[in-house]
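> Need a 3D model of the sequence below.
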Amino acid sequence: MFVRKQKLSKMSGKEIMQAVGEKYSQVACEPGKKFNFPVGRAFAESVGYSKELLDNLPAGISESFTGAGNPQPFVNLQHGECLLDLGCGAGLDLYLYSQKGGINNKYYGLDISEAMIAKVRSNLNKLEVSNVELLSFPADKIPLADNMVDVVTSNGIYNLSPDKKAVLSEVYRVLKPGGRTVFSEIVLKEALPVMIRENIDDWFRCIGGALPEHDFIDLMKKVGFGRVEIISKARNARCGHKLAVCANIRGIKNL
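Take a look at the predicted model:
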């Protein structure tokens, strides 16, 4: 397994996504390895996942945690709702949603890394969670029908995707009318220098592909989302640049 070290401008979207899959497979298989972005339980605790909660879960569910922040307080999942978690990683967020929504809900977890999918499957089996379907696909090719889910959530997936509009369009497509997307993502106070946008390592840490906040919101509206809002903003160890901040964002699919 290896990750290409070449300028982003020389890489196709497909090559970037392949590199992302390789990098996050390393996170799944070697969570103790040194990465240029925070990985693991200590980071999860720093963004609000409780120590007491994590103490009672398998170590494997938090050791590969690489979210942008913590969308959990804002999703407000209701009983009977169907949820899709994009970039589900090792399954920490997905497991917590399954506990909040109850056994009668249906959950989907999607990740581009087959190693991550294998890891989340193992973690959920240990926790005896059976109402989750796992999908190994890129986020711009969601293998679900139109108008199928009530909620789409994610934790740092958009900045790993070279075509954010395609991902947002897929999210909009699979949501039911009136459904919502609630997610955490790194956004910028202003555009970054070109130099940072040329380095694949900065892409992996969700900085090189980040957009200014107003550009990201405008893109959501162009795709069709209404009532788009920034719920909260804060800096954390994932931000990695003085212009970066983690935002929790909500958008509604129009009726």
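
> Quick one: list the elements packing against the longest strand that the chain contains.
Counting residues, the longest strand in the chain under DSSP state E turns out to be strand 175-188. Where contact means 3 or more Cβ pairs under 8 Å, 6 or more residues apart in numbering; DSSP states H and E, strand 175-188 is packed against strand 149-155, helix 213-223, strand 225-234, strand 244-253. Every C-beta, even on glycine, is put in place using the N, C-alpha and C of the backbone.

> Pick the most deeply packed of the ones you listed.
strand 149-155 (a mean of 25; mean count of other Cβ atoms under 10 Å).

> Please identify the buried residues of the longest helix seen in the chain?
The longest helix of the chain (DSSP state H) is helix 13-29. Buried residues in helix 13-29, defined by neighbour count with 16 or more other Cβ atoms under 10 Å: 16-28.

> what does that helix contact?
The contact list for helix 13-29 (Cβ atoms under 8 Å, 6 or more residues apart in numbering) reads 1-4, 8, 11, 33, 35, 39, 64, 66, 89-90, 111-116, 118-119, 138, 160-163, 200, 203-204.

> need the helix or strand of this structure with the lowest average pLDDT.
The helix or strand of the chain with the poorest confidence is helix 200-204; it has a mean of 90 (mean pLDDT, DSSP states H and E).

> name the helices or strands packed onto that helix?
Helices and strands touching helix 200-204, as assessed by 3+ Cβ pairs under 8 Å, 6+ apart, comprise helix 13-29.

> pLDDT (mean, whole number) over the helix or strand following the helix it packs on?
With elements assigned by DSSP states H and E, the helix or strand that comes after helix 13-29 is helix 41-46. On average, the pLDDT along helix 41-46 is 98.

> Apart from its chain neighbours, what residue comes closest to Y108?
Leaving aside its sequence neighbours, Y108 sits nearest to L84 (Cβ to Cβ, 6 or more residues apart in numbering; 4.4 Å).

> sec struct for the one you found, please.
strand (DSSP: H, G, I helix; E, B strand; the rest coil).

> Bridged to it, which residues?
Y108, V152 (DSSP bridges).

> ok, it to V182 distance?
11 Å (Cβ to Cβ, to the nearest Å).

> tell me, what's touching those two both at once?
V151, T153.

> And K5, what's its pLDDT?
Reported pLDDT for K5: 57.

> do L8 as well
The model's pLDDT for L8 equals 83.

> How many neighbouring residues does C82 have?
Using other Cβ atoms under 10 Å, C82 has 20 other residues around it.

> contacting residues around it?
N105, K106, Y107, Y108, M148, V149, D150, V151.

> In JSON lines, list those residues along with distance to K126.
Output for those, formatted as JSON lines (distance: Cβ to Cβ, whole Å):
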{"residue": "N105", "distance to K126": "20"}
{"residue": "K106", "distance to K126": "21"}
{"residue": "Y107", "distance to K126": "16"}
{"residue": "Y108", "distance to K126": "20"}
{"residue": "M148", "distance to K126": "28"}
{"residue": "V149", "distance to K126": "25"}
{"residue": "D150", "distance to K126": "27"}
{"residue": "V151", "distance to K126": "25"}
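
> Report the lowest-confidence entry in those residues.
Lowest pLDDT within the contacts of C82 is found at N105 (86).

> And it, how far from F35?
When N105 is compared with F35 (using Cβ to Cβ), they lie 33 Å apart.
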